[in-house]
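Engineer: dropping a prediction and its sequence here:
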Amino acid sequence: MSSTLRSTRSRRFGRTVATSASALALVATLAACSTGASADSEPTASADLPIGALDLAAAGCPANVVIQTDWNPEAEQGNLYQLIGPDATIDAAKKAVSGPLFASGEYTGVNVEVRSGGPAIGFQTVTSQQYTDTDITLGYANTDEAVQLSDEMPTTAVFAPFEVGPQIIMWDPATYPDVKTIEDLGKTDAFVRYFGGAAYMEYLMGSGILPASHVDGGYDGTPASFIAAGGKDAQQGFATVEPYVYENEIADWGKPVAFQLIHDAGYPIYASALSVRTGDLEELSPCLTALVPVIQQATVDYYADPAATNELILKAVDEFDNGWVYTPGVADYSVKAQVELGLVGNGSDDAVGNFDVDRVQKIIDITTPLFEKLGTPPADGLTPDQIVTNEFIDPSIGF
C-alpha cells in the first residue's frame, strides 16, 4: 500500500471525530464490504427540460458527467452539489447524488453525478478509482498525490476548489499559550498524533519543524487520545471541522482548540483539485472548455448562498446512513471557515480555480525526494504542466 493511499484513506477518517466507537466500527465494516461505485450508472436528467444558453452535450460532454470525491457529502464539496438542478436523486446504495446539470439556473443538456469516496470506494485513492472506473469524468487529487502517482496513474488537474488546503495541526491554547505555529509547537514537549504515511508529516519532520521523536503516527480518528492527554498532546485535523466539533459537539472537551494550517507551514498543496486522467485530456478538452467555467460560477454561487445546497448535502448524509456524522452546525461552520480563512477564493488574479505553477513546482521539489525514499518515485522529469493546467479557466469568473 502506497503512502498516498494510506494517508488519503486515513486523513478522511479524521472527519469522524464526532462519531461513537460503534459508528467508527461501522464505517470500517462498510469499507471492508465495499465493492466501489457502479460503472453502469444511467443519466437521470429529464429529457424534456429546455436547454438554456449553454449546451454541454453539444460541447462534447458525456451524457452523465461523473465527479468522484474523496469522502462523504460535506460542505467542502458544496460547489459540486451546487451543479445539481431540481429533483436531485439520492442513491443510498451507490452513495451518489445526481440530477440535471444546471448552470446559472438553466439546464445544460447533460446529467451530473457526484459520487462519495472514503468508505464508498473502500478507502482507496480517487485516482485509483478513476483508473478502475473510466466512467468517472473528474476526480479529486491533492497535488502531492498527483506527483506520487504521476508515473503509473497520471492525472491533470483542471480546477482548484481550494486556494488553501484545510489540513491543520491543532493543540490546546490553554496548555500552550505561547504557541502560535507548528514550528513553535515543535519546540515544546508535545507529541503530535497523525495518521502514519502522510507526506506532509514527512516534510514537517524532514525540514526540522517537528522533531521525529515527538510525532506519533498512531492517530485513530477519534478524540479519545487528545482528551485523555488533557491538552498535553496535539493532533492533525481539518480547519473546516475539528475546531467547531471539539468546542461544540464533544462534551468531554467543550472548549476551543488552536491550530495552524499545513499550508502556512510551507506545504502549499492544492487540495482536492478536480482532475482528469491525463490520457483523456485531449478528448475531453472541448467539454472542459465549456464545463470548467460552469464549475467556477457554481463555486462563487455556492459560497454566496449555501443554504439550499447544504440541505441537499445533509439529506444525502441522512439517507446514506453509513455511520458518517455530519450536523447542520458543522456544515454552517465549514462554509464560514472556508471563506474567513481564505481556503476558498481567487488566486493571485481575479479568477477562482486556477493554479500557480511556481507553487506546483515547489510541491514537486519538496515531495520528489520523499516519494523516492518511500519507493514510489514520480515520473522522470515531472513538470507542473504535466499535472495541472489553467487552459480551461475563465479569467473573468471569480469571487
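Structural biologist: On my side now, so go ahead. Quick caveat: nothing in here was measured; it's all calculated off a predicted structure. Numbers count the residues shown, from 1 in each chain.

Engineer: domains in the chain, as residue ranges please.
Structural biologist: 34-164+269-386, 167-265 (automatic domain parsing).

Engineer: dump those to JSON lines, plus mean pLDDT, mean neighbour count and distance to Ile397.
Structural biologist: Every C-beta, even on glycine, is put in place using the N, C-alpha and C of the backbone. What follows is the domains of the chain, written out as JSON lines (pLDDT from 0 to 100; neighbours: other Cβ atoms under 10 Å; distance: least, Cβ to Cβ, whole Å):
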{"stretch": "domain 34-164+269-386", "mean pLDDT": "93", "mean neighbour count": "20", "distance to Ile397": "4"}
{"stretch": "domain 167-265", "mean pLDDT": "95", "mean neighbour count": "19", "distance to Ile397": "23"}
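
Engineer: tell me where the stretch 251-399 of the chain has strands.
Structural biologist: Using DSSP state E, counting those that start in this stretch, the strands of the stretch 251-399 of the chain run over 258-261, 273-277.

Engineer: got CSV for those strands, with distance to Pro243 too?
Structural biologist: Listed next are the strands of the stretch 251-399 of the chain as CSV, based on distance: least, Cβ to Cβ, whole Å:
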stretch, distance to Pro243
strand 258-261, 6
strand 273-277, 24
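
Engineer: distance check, Gly122 against Lys95.
Structural biologist: Distance of Gly122 to Lys95, given as Cβ to Cβ, to the nearest Å: 12 Å.

Engineer: repeat that for Glu76.
Structural biologist: 16 Å.

Engineer: if we can go back for a sec, turn the domains of the chain into a markdown table, including distance to Ile393.
Structural biologist: Formatted as a markdown table, the domains of the chain follow (distance: least, Cβ to Cβ, whole Å):
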| stretch | distance to Ile393 |
| --- | --- |
| domain 34-164+269-386 | 4 |
| domain 167-265 | 21 |
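
Engineer: nearest to Gly398, out of these?
Structural biologist: Taking Cβ to Cβ, domain 34-164+269-386 is the member of these nearest to Gly398, at 4.3 Å.

Engineer: which residue is the nearest non-sequential neighbour of Gln226?
Structural biologist: No Gln there; residue 226 is Phe. Leaving aside its sequence neighbours, Phe226 sits nearest to Gln235 (Cβ to Cβ, 6 or more residues apart in numbering; 5.4 Å).

Engineer: that neighbour should be in a strand, yeah?
Structural biologist: Yes: per DSSP: H, G, I helix; E, B strand; the rest coil, Gln235 lies within a strand segment.

Engineer: that one bridge partners, please.
Structural biologist: Met170, Arg193 (DSSP bridges).

Engineer: go ahead and confirm it touches Asp172.
Structural biologist: No: between Gln235 and Asp172 there is no contact under Cβ atoms under 8 Å: 10.4 Å.

Engineer: could I get the longest strand belonging to the chain in PDB with only the CA atoms?
Structural biologist: In the chain, with assignment by DSSP state E, the single longest strand is strand 106-115. Extracted C-alpha coordinates of strand 106-115, given in PDB (Å, rounded to 0.1, in the frame of the first residue of the first chain):
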ATOM      1  CA  GLU A 106     -30.600  26.700 -16.600                       C
ATOM      2  CA  TYR A 107     -30.400  23.100 -17.800                       C
ATOM      3  CA  THR A 108     -27.300  22.300 -19.800                       C
ATOM      4  CA  GLY A 109     -28.400  19.200 -21.600                       C
ATOM      5  CA  VAL A 110     -26.500  16.700 -19.500                       C
ATOM      6  CA  ASN A 111     -26.700  14.900 -16.100                       C
ATOM      7  CA  VAL A 112     -24.200  15.300 -13.300                       C
ATOM      8  CA  GLU A 113     -23.500  12.600 -10.700                       C
ATOM      9  CA  VAL A 114     -21.500  13.400  -7.500                       C
ATOM     10  CA  ARG A 115     -20.100  10.200  -6.000                       C
END
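
Engineer: packing partners of it?
Structural biologist: The contact analysis (3 or more Cβ pairs under 8 Å, 6 or more residues apart in numbering; DSSP states H and E) places strand 106-115 against strand 64-68, helix 78-81, strand 96-103.

Engineer: at 6 Å instead, please
Structural biologist: When contacts are defined as 3 or more Cβ pairs under 6 Å, 6 or more residues apart in numbering; DSSP states H and E, strand 106-115 sits against strand 64-68, strand 96-103.

Engineer: what is the longest one packed up against?
Structural biologist: For strand 96-103, the elements it packs on are strand 89-91, strand 106-115, judged by 3+ Cβ pairs under 6 Å, 6+ apart.
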